Structure formats: C-alpha cells, structure tokens
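Participant: Just to be clear, the model below is a prediction. Sequence and coordinates:
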Amino acid sequence: MGDRRYLLSPRDLAGLDVLPELIRNDVASLKIEGRLKSPEYVASITRVYRQAVDRAMASLTNQASTEMTPTADRYELEMSFSRGLYTGWFGGTNNRELVHARFGTKRGVFLGEIGRVDGENVSLRLAAPIKLGDGVVFDAGNPEAREEGGRVYSVDLCGTETILGFGRGDIDFRRVKPGQFLWKTNDPALDRRVRQTYEGDKIRFQRPLTLEVHGHSGTPLTLIANDSEGHIARLTSQLVLTPAENHPLTPERLREQLGRLGGSPFKLDSFHSHLEGDVMLPVSELNRLRREAVAELERQRSQPKRWSSKNEPIKIACSPSSAANTPACEPELILVVRSLAQLEAALHCDGADTLYCEFENPKHYRDAVQAFRADNARREPIAAARRSIWVLPPRIFKPGEEWILKQVRSSEADGYLIRNYDHLAFFTADRKRGDFSLNVANPLTAEYLVAQHGLERVTASYDLNVAQLEALLASAPAAWFDLTLHQHMPMFHMEHCVFCAFLSDGKDYRDCGRPCDSHQVKLRDRVGAELPLKADAGCRNTVFNSRAQTGAEYLDRFLALGARHFRVEFVDESPEEVMRISARYRQLLRGEIRGTDLWREFKFINQLGVTRGQMEATPQVINRKS
C-alpha cells in the first residue's frame, strides 16, 4: 500500500463547479454539511456557496460569461477544511479519484515540494501565495506520526524560489527533508475576516414582517404582526384612539413609526391600515406596541416546533404480547450466511430450519436455493415442510438497477427480505420479511410494514439496546419481530468501493475487473483488529466489526415477552465455525446452556445495539487471495 493508509477518508465534496448545471436542472434546495466543524468553517463555507449561487443565477439570467469558481473561493474552501476538493459522484463514479488515502485530516492549500533545507529556512517553488503569520505543516507521508509545522516568520524571493523562515526552535529541521510537501493549514487574516461576519451583537439577517392595524375612535388600537411562518403577535394599546385634530395616523405615518425595526431580527415587508376615520395615538404608545410585538415574535420563534397529525392515530391491531398471551412454540433459529460454503455448513446444523442468504453476487442465489432444495429432498416430509430459505437483495436500490432485483427473484427462493421501500413495490406479490435496514424501532413502524404492506415479520432495529427491545416487545405483538441475537455489527455502508480503488486500475464496476469476486479483504485498524469488508452487486461496501456481539445473556427476558424468532449472523466465519457457533445457539434456545457460558466461551462482545467497536483509527487493507 505504500503511504496509502487512509482508505476510508474521501476528498471533501465541493459542488461549486457543478452549481450552474444543478440550477439549470431546476434543483431548488442545496445542503451544506459540516459536522464537528468550527464557527469559522460554517461562516466561510456558507458565504462562499451563497455567493456562488448568486453568481450562477445572475449568469443564467443575463447570459453573461463569468468564472463560476473564482480562485479566491477555492482558496477559502481549502483553508476552511480540506482533504482535497472533489465533485464526488456528480461527474460519475471514480473510486480511485475519490480517495487518495495519503492523509485523513485537514491539509489546506498545497504550497509545493521542499527543494532545499538550509538551517531554519526552506526553499521551494510556491504553488500558492504565502505571507507572514500563516501556519504550515511539513508532509513527510506519515501523518499518523507527529508532523513538523509552525508559523512563517519571513518570506524572501530568490529567483524562481521562495525562502521561508520560521521561529527559532519552533521546528525540528532534522525531520524536514527535500521532497516533502508543504501545506498551508491556517490563514489568520482570513479567519479574522470570517469572524467579523458573525461575531458581536449586530443583527445580520432580518426576516420580512407583515403589520396591520385596526381600530376606531373610542377603542384601543390593535396591532397584528405576522412573520409568515406561523408566528403571529396580536397586541392592543393601553390607550384608546381619539379623534385627530392636526396629525392623524395616516398609513404613511404608521408605516414609518412601526417600521422602525432596526436592531431587531425583522424588517417591515408589507403594512395594512384598517383604521376608521382620522384618529390619533401618542407616539410613545406606538413604540411600545412595536417593541412588544417584536419581543412576542422572538419568544414564539424560540419555542420548539409543534407538530400535529391530520390522520387518525394508528391503532395496533393486536394486544401487547406477553408470555401469557403468546402461543407457546419452540424458538426459531435463523442463520444468516454470506457464502455458499457457509450455506453448506448451515444445511448440516441441527435445528436451523430458516436460512437467510446475503451474497455479494446474487447470481449465486440460484445455486443456494438448489442446494437447499436438494438437501430438503433427503429429509422427512414434515421436517422439510418446516424449513425455508430466504435471499436478500442489496440494501441500496437506484434507478436502473432493476436487473439486480430480477436476478434475486429468479432464484425462486421461499421468500425475500425487504431492505428499503423500493423493495416493497418490487416484491409486493412475493412472500417477504423486513431486514434491519428498515430501522423498525417502534410499534407504529412495525404495524405499518406488517399490517399494511404484508410483511410476515420485521427485524428490530440495531439501534435498540436491551431495554428498548423489551419496550418494543411489550408494545406490539412479539410475533412480528426477528431479533438479532448474534452478529458482527455493520459499522457503515458506503458507495465508495475499496476493492476497486486499491485492488484494480479501474474507476468503477465497468473496468475494475471485479476484484471482490476473487479476494477476501479486511481493514486493519491501529490496534491490529481486522474488520471484514464486503461488496454487494451494486459495488457498495460494508465494513463489519471485527468481533461478534451477542445478546445470549438476555434470551430468557425476550422469551418471557413472547419473542420466538432469533437471528444468528455470520460474515467471514469458516464452515467449521458456522457449525460450532450454531450448535451452541441451538443449545441456548433449548435451555441446555446459559447465555453467559456462550459469550465467555467464544469471547463475544456481551452487548446488543450499536457499539462503537474497533473503528477508532483509519485502517490499512489486507489483501488475501481466496
């Protein structure tokens, strides 16, 4: 791998170059994402994109030819936070371009390659401007180690090269070598300019406000303020309106007085006067009404949004499940396998009557179903009738990928696991159950999928811990749910294909040669844990936790609440491991061993629900020929 160690750190998505095309295609809403970023980042990035959108709109309107991504904008984006800017999949899939893998943290603006080191000075040909006070870092190709860096104290020109000087003792120049890259990571002057756009109490954006007044002589004046977002302030004057002798409250005078909203988060948009006759009211009273209307609107806007349903509330069709109202039946062991070799082992596991298959290549589902049918033919009719095999389409579905779903259905399995809402429509006439990716975490979602869409059961969300699973089983029929008792938690699912990017010279499935078909790959983290990586038919990758976790210790509690369907999932276990682990879970469901005995024997993680796992550092790839 050389210096490519950050296999899951993509370049930062920057859509500036494609903004005009997006707008021409009637895109009406743009999202900026910046988790765990600084206030300067938020202010800077928002400003850059706001200006870029305005330029793009002006260009479309005036048919003017303008530079859509000025150098200053790109510089500001890179200085805010950048692992390298890229338009992502807007220009088509290119896995090799998306992730360079050389570093996983901010680098900023590339300044050039060090040409010479002389004492506490370095010389290089600058690829971008530098000035006194800017912060830089020396890139030796080993970012996980402490890197040398500091602030520039002097800038001198020498022919085509620039000599940079630094503070005495700030940098260990024994670690700085010619050929290393230099990056600008901080620009104090830019930071100051950005902070000036949001620091302080100055109101920088005012929302339009509609004002209207009502009243006549002898009654109070009523002021109604509306921000057009559902917030309305209605106030009445403490004094009554009186006949005007000299200066009546004309619409112009009222608009001027009530529209003095400077210093507030509002500006007057429209004003309507419904006063009857020539009346008057002291200016001090008008000012009070204006101030209190603004205060009331601010109060309302600070409250959390309140939502109400226009539909009748969903009523759960069955009463809550419990051991008392659930028919007694033997717990069902469901084995989830991810290869034909695991399937062959599972067919010989005692008591595993239900098999779920999730293969990287759905072409192999037909082979899996045929192997299952052949094995079933050798069994007693009663035992054979009790068994079933189900297959899983890929978790993500995109337009144009119907061929994958057709390939899955052509296996003629007993049923199919629904993994997203597009699958509901495609498999509407088939026998189906719901997978964890439907994220069923409450009884309303379960009722929607089971009662309204005909799913036999749904897999409870992996977000739920033990207490939350118990609450779910107590609030809906337990017969609706598969509970995952054992699994390698899927850490995340990504469009980026590590196989293509690092085990081929291609950019996507059309030219990568499908290395996922001939290689087993694991990602190694900083503590040496090896995390399995799997690809699907759509070339999406899933990273799994290196260690399996189990809820074996909580089985009795689930059984007491009526649960009877339990999933045991495998990822890259050998056929021997599949048989051994399955046998222990069969014993557990029969009450022959305790849950604590099981997880201690295999050293599983004793936990249900999402776990942080071993993904604490960016891993390296291990290439193993299968």
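Facilitator: That came through fine. Numbering: from 1, shown residues only.
Participant: contacts, neighbours, all on C-alpha from now
Facilitator: Noted.
Participant: ranges for the strands of the stretch 101-250 of the chain?
Facilitator: With strands called from DSSP state E, counting those that start in this stretch, the stretch 101-250 of the chain shows them at 109-118, 121-124, 135-139, 149-158, 161-166, 181-186, 207-216, 220-226, 232-240, 242-243.
Participant: So which other helices or strands are in contact with the first one?
Facilitator: Spelled out, that is strand 109-118. Using 3 or more C-alpha pairs under 8 Å, 6 or more residues apart in numbering; DSSP states H and E as the contact test, the elements touching strand 109-118 are helix 71-80, strand 121-124, strand 181-186.
Participant: picking that back up, same list (the strands of the stretch 101-250 of the chain) but as JSON lines, adding distance to Cys539.
Facilitator: Formatted as JSON lines, the strands of the stretch 101-250 of the chain follow (distance: least, C-alpha to C-alpha, whole Å):
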{"stretch": "strand 109-118", "distance to Cys539": "32"}
{"stretch": "strand 121-124", "distance to Cys539": "42"}
{"stretch": "strand 135-139", "distance to Cys539": "33"}
{"stretch": "strand 149-158", "distance to Cys539": "39"}
{"stretch": "strand 161-166", "distance to Cys539": "46"}
{"stretch": "strand 181-186", "distance to Cys539": "34"}
{"stretch": "strand 207-216", "distance to Cys539": "46"}
{"stretch": "strand 220-226", "distance to Cys539": "51"}
{"stretch": "strand 232-240", "distance to Cys539": "52"}
{"stretch": "strand 242-243", "distance to Cys539": "77"}
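Participant: Tell me which of those strands sits nearest to Trp403.
Facilitator: strand 109-118 (43.9 Å; C-alpha to C-alpha).
Participant: in the closest one, what's buried?
Facilitator: 109-117 (16 or more other C-alpha atoms under 10 Å).
Participant: Kindly reformat those residues as CSV and extend each row with pLDDT and distance to Lys267.
Facilitator: Shown next, in CSV, are the buried residues of strand 109-118 (pLDDT from 0 to 100; distance: C-alpha to C-alpha, whole Å):
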residue, pLDDT, distance to Lys267
Val109, 95, 40
Phe110, 95, 44
Leu111, 96, 45
Gly112, 96, 49
Glu113, 96, 52
Ile114, 96, 54
Gly115, 95, 57
Arg116, 94, 59
Val117, 94, 59
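Participant: Closest one of the residues you listed to Leu464?
Facilitator: For the buried residues of strand 109-118, the nearest to Leu464 is Val109 (42.8 Å; C-alpha to C-alpha).
Participant: Quick check: that closest one touching Glu76?
Facilitator: No. Counting by C-alpha atoms under 8 Å, Val109 does not reach Glu76; the two are 9.1 Å apart.
Participant: thinking again about what came up before, quick check, nearest of the buried residues of strand 109-118 to Gly200?
Facilitator: Nearest to Gly200 among the buried residues of strand 109-118: Val109, at 29.2 Å, using C-alpha to C-alpha.
Participant: Tell me the bridge partners for the closest one.
Facilitator: Lys184 (DSSP bridges).
Participant: what's in contact with stretch 134-141?
Facilitator: 3, 102, 147-152, 176, 180-188 (C-alpha atoms under 8 Å, 6 or more residues apart in numbering).
Participant: Buried residues in it, which are they?
Facilitator: Neighbour counts using 16+ other C-alpha under 10 Å place 134-141 of stretch 134-141 among the buried residues.
Participant: Pull the distance from that stretch to the chain's centre.
Facilitator: From the chain centre to the centre of stretch 134-141 is a distance of 30 Å (C-alpha atoms, centre = their mean, to the nearest Å).
Participant: Got the domain ranges for the protein?
Facilitator: 12-98, 109-187, 207-302, 332-491+545-612 (automatic domain parsing).
Participant: what pLDDT does Phe566 get?
Facilitator: pLDDT for Phe566: 97.
Participant: how far away is it from Thr185?
Facilitator: 51 Å (C-alpha to C-alpha, to the nearest Å).
Participant: thinking again about what came up before, could you export the buried residues of stretch 134-141 to CSV, including columns for pLDDT?
Facilitator: Below are these laid out as CSV (pLDDT from 0 to 100):
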residue, pLDDT
Asp134, 96
Gly135, 96
Val136, 96
Val137, 95
Phe138, 96
Asp139, 93
Ala140, 90
Gly141, 87
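Participant: Output the lowest mean pLDDT helix or strand found in the protein.
Facilitator: strand 620-625 (a mean of 49; mean pLDDT, DSSP states H and E).
Participant: picking up where we left off before, can you tell me which of the helices and strands packed on strand 109-118 is packed in deepest?
Facilitator: strand 181-186 (a mean of 22; mean count of other C-alpha atoms under 10 Å).
Participant: Next, the angle strand 109-118 makes with it.
Facilitator: 120 degrees (axes from the mean of the first three to the mean of the last three C-alpha atoms, to 10 degrees).
Participant: and strand 181-186, average pLDDT?
Facilitator: Mean per-residue pLDDT for strand 181-186: 95.
Participant: Centre of the chain to it, how far?
Facilitator: 29 Å.
Participant: Contacts for that strand, please.
Facilitator: Contacts of strand 181-186 (C-alpha under 8 Å, 6+ apart): 79, 106-114, 130, 134-140.
Participant: got the angle for that strand vs helix 71-80?
Facilitator: Using the same axes, to 10 degrees: strand 181-186 against helix 71-80 is 90 degrees.
Participant: So which residue of the protein lies furthest out from the middle?
Facilitator: Distance from the centre of the chain peaks at Glu245, with 66.1 Å (C-alpha atoms, centre = their mean).
Participant: Ramachandran angles for that one?
Facilitator: Dihedral pair for Glu245: phi -100, psi -40, per degrees, to the nearest 10.
Participant: what sits against it?
Facilitator: Here Glu245 is in contact with no residues (criterion: C-alpha under 8 Å, 6+ apart).
Participant: winner for burial among the domains of the chain?
Facilitator: Most buried among the domains of the chain, given mean count of other C-alpha under 10 Å as the contact rule, is domain 332-491+545-612, at a mean of 19.
Participant: and that one, how far from the chain's centre?
Facilitator: On C-alpha atoms, centre = their mean, the centre of domain 332-491+545-612 falls 25 Å from that of its chain.
Participant: Relative to the regular element (helix or strand) spanning Phe492, what are the paired strands and their orientations?
Facilitator: Assigned by DSSP states H and E, Phe492 belongs to strand 490-494. Take DSSP bridges as the rule and strand 490-494 pairs in its sheet with strand 541-544 (antiparallel).
Participant: okay, the strand it pairs with in CSV with CA atoms only?
Facilitator: The C-alpha coordinates for strand 541-544 follow below in CSV (Å, rounded to 0.1, in the frame of the first residue of the first chain):
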residue,chain,number,x,y,z
ASN,A,541,-19.1,-1.8,0.5
THR,A,542,-20.0,-2.7,4.1
VAL,A,543,-17.4,-2.7,6.9
PHE,A,544,-18.2,-5.0,9.8
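Participant: closest one to Val543 among the helices and strands packed on strand 109-118?
Facilitator: helix 71-80 (29.0 Å).
Participant: so what does that closest one touch, helix or strand wise?
Facilitator: In terms of contacts (3+ C-alpha pairs under 8 Å, 6+ apart), helix 71-80 is packed against helix 39-62, strand 109-118, strand 181-186.
Participant: Mind checking these for the one nearest to Ile418?
Facilitator: Closest among those, using C-alpha to C-alpha: helix 39-62, at 38.5 Å.
Participant: Hmm, Gln607 and Gly551 touching each other?
Facilitator: Yes. In this structure, Gly551 is within contact of Gln607 by C-alpha under 8 Å, at 5.8 Å.
Participant: what about Phe492, distance to Phe397?
Facilitator: Taking C-alpha to C-alpha, one finds Phe492 at 16 Å from Phe397.
Participant: Could you do Tyr365 as well?
Facilitator: 18 Å.
Participant: what sits against Arg151?
Facilitator: So Arg151 contacts 132-136, 166-167 (C-alpha under 8 Å, 6+ apart).
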